[in-house]
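sequence? don't have it. structure:
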């Protein structure tokens, strides 16, 4: 079923997790460097103090990943190649898990992600705030955010106001004259979503939900204190780098830039006249984001670009490789710094930055980030998930793990037109409302 088939252009929305039932969740991380399919078993558990929003234990029972083809800077560039890679990744995960999947939660990095905050108010007339008032003010904010040219990925109420007093998390039961809400809305261009859906549909799979890559990465890599106090998660992928800012337990800002680890590789390939594969190996083995004292003395061999066996490798000082790497890394970090500054959330981020994603594993990157961003920096790895093989416990798999975590926090979102018949039945106090509430609770 097309995600654009309905009259209000609604995206598929996840149903809330059943707090008493074990569920299977399948996700797909489509990146510029690799495509990862994970299948997880979510088992209900008691609330944790360290990760309080996690209502379920997550055990990864199947994982498959393939080198990405047909994806450039997060955008589907070749449908046939991308479809083939998706099929192989899903097949490997299904074989490991011993089950077949037909729908997936997928991520989106492309589509010029845009964060906006909308504010709506309603008049209470000095009465107590009840559930219907909350529904009205949230619906008013959702109406403001509706746009025909862009699709809403996430719509999160970040805080309420009562008679001008901000910072109220839950106004239910309070008294006041005017109730307001700040709604953070993350949108993307419809064309990118359509192409993503088309690619997955061609592999005979359906889209269960779409999650912005910055949101997924932050869910996987940040601990509760960082999410509460304010922190930025920077996911450095192959083709794109995404930024997410969290505060008071919610995503408050997200952004993306079309620079990543693959740009460093192509710079090396051009600068040293070598193949992309050899440039990638040189980056991983010899590349560094900070200069080292012995770089001028160390000489490394650069394989030639041709196929002729008589061609001899070129010998260059390691310092040349490091200079090429440093130039692109500094450009990327400076762009991230400027984007955070321009967003207006720099004071909320404070001194806390978490780097994650495959490109964050480059030697010397945390030190370079501390210098350019002027903040405390740590490398973030996926948290709170069991069953991951050793090769998938690194920062490169944060987005895929975040997609498995997402169903536990999906109910924090509010979307116009998503409430449907059951919510309409459930609003009110009569017999029909009680029947509607029973249907929602039971199914």
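Alright, I've got the coordinates. A quick note: this is a predicted structure, and the numbers were derived from the prediction, not measured.

all strands of the stretch 101-250 of the chain, in order?
Using DSSP state E, counting those that start in this stretch, the strands of the stretch 101-250 of the chain run over 103-108, 114-123, 150-162, 165-168, 178-189, 206-212, 231-236, 241-247, 250-257.

rank those strands by pLDDT, which is bottom?
Ranked by mean pLDDT, the strands of the stretch 101-250 of the chain bottom out at strand 165-168, with a mean of 84.

Show me what that strand is packed up against.
With contacts defined as 3 or more CB pairs under 8 Å, 6 or more residues apart in numbering; DSSP states H and E, strand 165-168 has these neighbours: strand 150-162. In this view, the C-beta of every residue, glycine as well, is placed from N, C-alpha and C.

partners of the strand it packs on in the sheet?
strand 165-168 (antiparallel), strand 178-189 (antiparallel) (DSSP bridges).

just those strands: most buried one?
strand 178-189 (a mean of 21; mean count of other CB atoms under 10 Å).

so how far is it off the chain centroid?
18 Å (CA atoms, centre = their mean, to the nearest Å).

need the strands for the stretch 301-443 of the chain, in chain order.
Under DSSP E, counting those that start in this stretch, the stretch 301-443 of the chain gives strands at 314-317, 352-356, 376-379, 385-386.

quick one: buried residues of the second one?
By that I understand strand 352-356. 352, 353, 354, 355, 356 (16 or more other CB atoms under 10 Å).

Now name the helix or strand holding residue 92.
For residue 92, the host element (DSSP states H and E) is helix 79-97.

Take the strands paired with strand 150-162 and write them to JSON lines, including distance to residue 265.
Rendered in JSON lines, the data for these read as follows (distance: least, CB to CB, whole Å):
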{"stretch": "strand 165-168", "distance to residue 265": "45"}
{"stretch": "strand 178-189", "distance to residue 265": "27"}
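
closest one to residue 378 among those strands?
strand 178-189 (24.7 Å; CB to CB).

how near is the closest residue to residue 145 other than its chain neighbours to residue 340?
The shortest distance from residue 145 to any residue other than its chain neighbours is 4.3 Å, reached at residue 185 (CB to CB, 6 or more residues apart in numbering). Between residue 185 and residue 340 the computed distance is 19 Å (CB to CB, to the nearest Å).

likewise residue 389?
In terms of CB to CB, residue 389 sits 34 Å off from residue 340.

if you count what's nearby, which of these two comes out ahead?
Using other CB atoms under 10 Å as the criterion, residue 389 and residue 340 rank with residue 340 on top: 22 against 10.

before we move on, back to that, let me know which of the strands of the stretch 301-443 of the chain is the nearest to residue 175.
Per CB to CB, nearest to residue 175 of the strands of the stretch 301-443 of the chain: strand 352-356, 36.5 Å.

now the angle from the closest one to strand 241-247?
Going by axes from the mean of the first three to the mean of the last three CA atoms, to 10 degrees, strand 352-356 is angled at 140 degrees with respect to strand 241-247.

Point out the other elements, helices or strands, that strand 352-356 touches.
helix 213-221, helix 224-229, strand 231-236, helix 365-373, strand 376-379.

Of those, give the one that comes closest to residue 106.
helix 213-221 (9.9 Å).

Give me the residues contacting that closest one.
Helix 213-221 has contacts (CB atoms under 8 Å, 6 or more residues apart in numbering) with 29, 74, 107-109, 113, 153-154, 186, 227, 233, 235, 237, 240, 242-244, 246, 251, 254-256, 354, 356-357, 380-383, 385, 395, 398-403, 405-406, 409.

rerun that using 7 Å as the cut-off
For helix 213-221, contacts defined as CB atoms under 7 Å, 6 or more residues apart in numbering pick out 107-109, 154, 233, 235, 242-244, 246, 251, 254, 256, 354, 356-357, 380-383, 398-399, 401-403, 405-406, 409.

Now do that helix against strand 241-247: the angle between them, please.
Using the same axes, to 10 degrees: helix 213-221 against strand 241-247 is 60 degrees.

Test my guess that residue 234 contacts residue 359.
No: Residue 234 is beyond contact range of residue 359, at 10.0 Å (criterion: CB atoms under 7 Å).

related to what we said a few turns ago, could you save the helices and strands packed on strand 352-356 as a markdown table and add columns showing mean neighbour count and distance to residue 70?
Converted to a markdown table, these look like this (neighbours: other CB atoms under 10 Å; distance: least, CB to CB, whole Å):
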| stretch | mean neighbour count | distance to residue 70 |
| --- | --- | --- |
| helix 213-221 | 30 | 18 |
| helix 224-229 | 16 | 34 |
| strand 231-236 | 30 | 21 |
| helix 365-373 | 19 | 28 |
| strand 376-379 | 17 | 29 |
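
Quick one, which of these gets closest to residue 330.
The closest of the helices and strands packed on strand 352-356 to residue 330 is helix 365-373. By CB to CB, the value is 6.4 Å.

what distance separates that closest one from the centre of its chain?
Using CA atoms, centre = their mean, the offset of helix 365-373 from its chain centre is 22 Å.

And that helix, what does it pack against?
Packing partners of helix 365-373 (3 or more CB pairs under 7 Å, 6 or more residues apart in numbering; DSSP states H and E): helix 318-343, strand 352-356, strand 376-379.
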